[in-house]
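> A structural model of the following input is requested.
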Amino acid sequence: MSVRGYLRASTEDQNAERARADLIAFAAEHEVDIVAWYVESASGATLARPELFRLLSDARPGDVLLVEQVDRLSRLTTDDWQKLRTEIDARQLRVVALDLPTSWTQLSLRADDFTGRIFAAVNSMMFDVLAAVARKDYEDRRRRQAQGQAKAKSEGRYKGRPEDANRNASIAKMLKKGMSWTEIQDGARCSRATVAKIAKRLREAEIVG
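Predicted coordinates for the structure are as follows:
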């Protein structure tokens with residue numbers, strides 16, 4: 001059994017590395033080693049997460065996917081969550097989340113242990129519940145944000161988030177050098193959407209030029 005740590009932040013404004021120390025401390029407490037890390041800045045509401053799927057590709061049956069919270073793994077719609085669950089189950093991975101104590105038993109029980117199968121069934125149900133709660137929280141926050149922006153716009157107060165000109169200039173340079181989007185995401189610590197936005201600007205500038 002190999003333990004693989006997955007760290008995710010929602011946007012380039014958040015730091016996915018923040019939870020690394022907590023996962024390391026948790027692994028040490030349970031006397032296991034984290035053999036590999038998979039870190040990305042991406043929304044939990046999308047399946048477009050290269051590092052998560054690299055983890056799934058690297059993992060072997062019985063390996064552990066370790067996350068800080070269930071919402072780091074999913075804020076997905078029901079259909080997308082089921083797709084991810086199907087992929088995880090097909091690869092026979094054990095998911096352990098620091099915010100779900102019943103999942104911790106997956107670090108020590110044998111695959112053929114009857115108690116282990118009982119806990120696996122309980123965890124499966126709990127992950128579904130927590131994933132649904134995470135999705136609802138995501139939708140509620142998006143709705144409140146949209147309402148707040150609409151009100152601010154109507155009052156002439158909404159200016160939008162200021163652009164990080166230095167970071168975007170750096171992204172543009174990396175794009176011009178032919179670096180891959182994944183390399184740029186890692187180097188600039190930004191989301192894929194940000195890279196896409198800068199790439200679009202460059203294409204439009206070439207057309208105008």
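> where do the helices sit along the protein?
In the chain, the helices defined using DSSP state H lie at 20-29, 50-58, 70-73, 78-90, 114-154, 165-176, 181-188, 192-208.
> by mean pLDDT, which helix or strand of the chain comes out lowest?
In the chain, no helix or strand scores lower on mean pLDDT, DSSP states H and E than helix 114-154, which sits at a mean of 75.
> would a markdown table of the helices of the chain with mean neighbour count be doable?
(Glycine included, C-beta is placed from N, CA and C.) Converted to a markdown table, the helices of the chain look like this (neighbours: other CB atoms under 10 Å):
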| stretch | mean neighbour count |
| --- | --- |
| helix 20-29 | 14 |
| helix 50-58 | 17 |
| helix 70-73 | 22 |
| helix 78-90 | 14 |
| helix 114-154 | 14 |
| helix 165-176 | 15 |
| helix 181-188 | 17 |
| helix 192-208 | 13 |
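> next, format those as JSON lines and append distance to residue 37.
Below are the helices of the chain laid out as JSON lines (distance: least, CB to CB, whole Å):
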{"stretch": "helix 20-29", "distance to residue 37": "7"}
{"stretch": "helix 50-58", "distance to residue 37": "9"}
{"stretch": "helix 70-73", "distance to residue 37": "13"}
{"stretch": "helix 78-90", "distance to residue 37": "18"}
{"stretch": "helix 114-154", "distance to residue 37": "22"}
{"stretch": "helix 165-176", "distance to residue 37": "23"}
{"stretch": "helix 181-188", "distance to residue 37": "12"}
{"stretch": "helix 192-208", "distance to residue 37": "19"}
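> tilt between the least confident helix or strand of the chain and helix 78-90?
150 degrees (axes from the mean of the first three to the mean of the last three CA atoms, to 10 degrees).
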